[in-house]
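**Student:** pasting the structure only:
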């Protein structure tokens with residue numbers, strides 16, 4: 001959202017949702033570290049006095065959420081080519097219900113609480129700020145709890161959804177063994193992003209029975225209501241379809257996923 005004109009963004013999102021028949025689930029965030037310095041400057045954006053680039057992203061998000069809610073804000077032309085309805089105008093196209101299908105990608109407990117305050121669903125990826133030194137899945141579970149605790153303080157009028165992302169590979173044939181057996185990160189990894197200590201969640205790659213037992217111990221998966229699977233797109237569509245089918249067939253039923 002550092003790069004987004006919030007009004008143009010909201011119009012594009014509404015158009016996409018209408019084309020999709022109200023099925024759009026839209027994930028947004030401040031954005032990850034990038035290849036260039038202050039890349040948003042090249043797109044005409046600048047933090048306001050005293051703002052950080054993260055503050056700017058949140059300001060853009062605030063505006064987008066307001067107009068996605070149908071806020072009327074624009075003064076109509078008294079002599080248009082076509083008559084205007086009475087009162088101020090909203091963005092067009094407008095898609096009713098889209099506002100409840102916006103997800104914020106949160107990298108910390110604080111940004112998860114902010115997402116709840118603003119009435120966005122929570123999308124937590126495979127990394128977050130290392131805020132306690134605990135295993136990634138424990139910290140992520142606590143992030144989810146912080147989100148839900150904050151949500152309960154507000155009356156947004158709908159029940160939020162929470163997703164977590166994982167790299168999961170069920171080893172069921174020789175291709176899987178060649179690509180992934182022994183290659184999964186069995187432990188979390190720690191690194192620094194923008195001078196912030198971050199913890200990266202492990203990957204899961206094993207025979208189905210062993211995989212089920214490992215996933216049973218993932219506290220964040222248990223706490224979330226939606227699981228997003230990250231897939232190795234460089235291996236092609238056919239193989240990724242196989243990866244998903246293997247999980248649906250050999251892993252999901254044993255864990256009660258549906």
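**Tutor:** All right, it came through fine. Just so it is clear, the model here is predicted, and its values are computed rather than measured.
**Student:** enumerate the positions of the lowest-mean-pLDDT helix or strand in the chain that are buried.
**Tutor:** Within the chain, no helix or strand scores below strand 189-193, which has a mean of 89 by mean pLDDT, DSSP states H and E. Residues of strand 189-193 include none that count as buried (16 or more other Cβ atoms under 10 Å). No exception for glycine: its C-beta is placed from N, CA and C like everyone else's.
**Student:** how near is the closest residue to residue 69 other than its chain neighbours to residue 191?
**Tutor:** With Cβ to Cβ, 6 or more residues apart in numbering as the criterion, residue 69 has its nearest non-adjacent residue at 4.9 Å, and that residue is residue 99. Look at residue 99 and residue 191: by Cβ to Cβ, to the nearest Å, they are 35 Å apart.
**Student:** about what we covered before: show me what the least confident helix or strand of the chain is packed up against.
**Tutor:** strand 196-200 (3 or more Cβ pairs under 8 Å, 6 or more residues apart in numbering; DSSP states H and E).
**Student:** so what strands line up beside the strand it packs on?
**Tutor:** strand 127-129 (antiparallel), strand 189-193 (antiparallel) (DSSP bridges).
**Student:** closest one to residue 231 among those?
**Tutor:** strand 127-129 (17.2 Å; Cβ to Cβ).
**Student:** what lies in contact with the closest one?
**Tutor:** The list of residues contacting strand 127-129 from outside it, by Cβ atoms under 8 Å, 6 or more residues apart in numbering, reads 106-109, 136, 139-140, 143, 193, 196-201.
**Student:** could you redo the last one with a cut-off of 6 Å?
**Tutor:** 107-108, 196, 198, 200 (Cβ atoms under 6 Å, 6 or more residues apart in numbering).
**Student:** likewise stretch 31-46?
**Tutor:** Against stretch 31-46 from outside (Cβ under 6 Å, 6+ apart): 2-3, 193-194.
**Student:** buried sites along that stretch?
**Tutor:** 31, 40, 45.
**Student:** how close does the second one get to residue 182?
**Tutor:** Meaning residue 40. Distance from residue 40 to residue 182, by Cβ to Cβ: 41 Å.
**Student:** for the last one, same thing?
**Tutor:** Distance, residue 45 to residue 182, using Cβ to Cβ: 45 Å.
**Student:** cool, and residue 5?
**Tutor:** As judged by Cβ to Cβ, residue 5 and residue 182 stand 47 Å apart.
**Student:** cool, residue 247 as well?
**Tutor:** 19 Å.
**Student:** what about the two, which has more around it?
**Tutor:** The neighbour comparison of residue 247 against residue 182 (other Cβ atoms under 10 Å) goes to residue 247, with 23 against 9.
**Student:** need the helices for the stretch 101-250 of the chain, in chain order.
**Tutor:** With helices called from DSSP state H, counting those that start in this stretch, the stretch 101-250 of the chain shows them at 109-118, 136-151, 174-180, 208-216, 219-223, 237-250.
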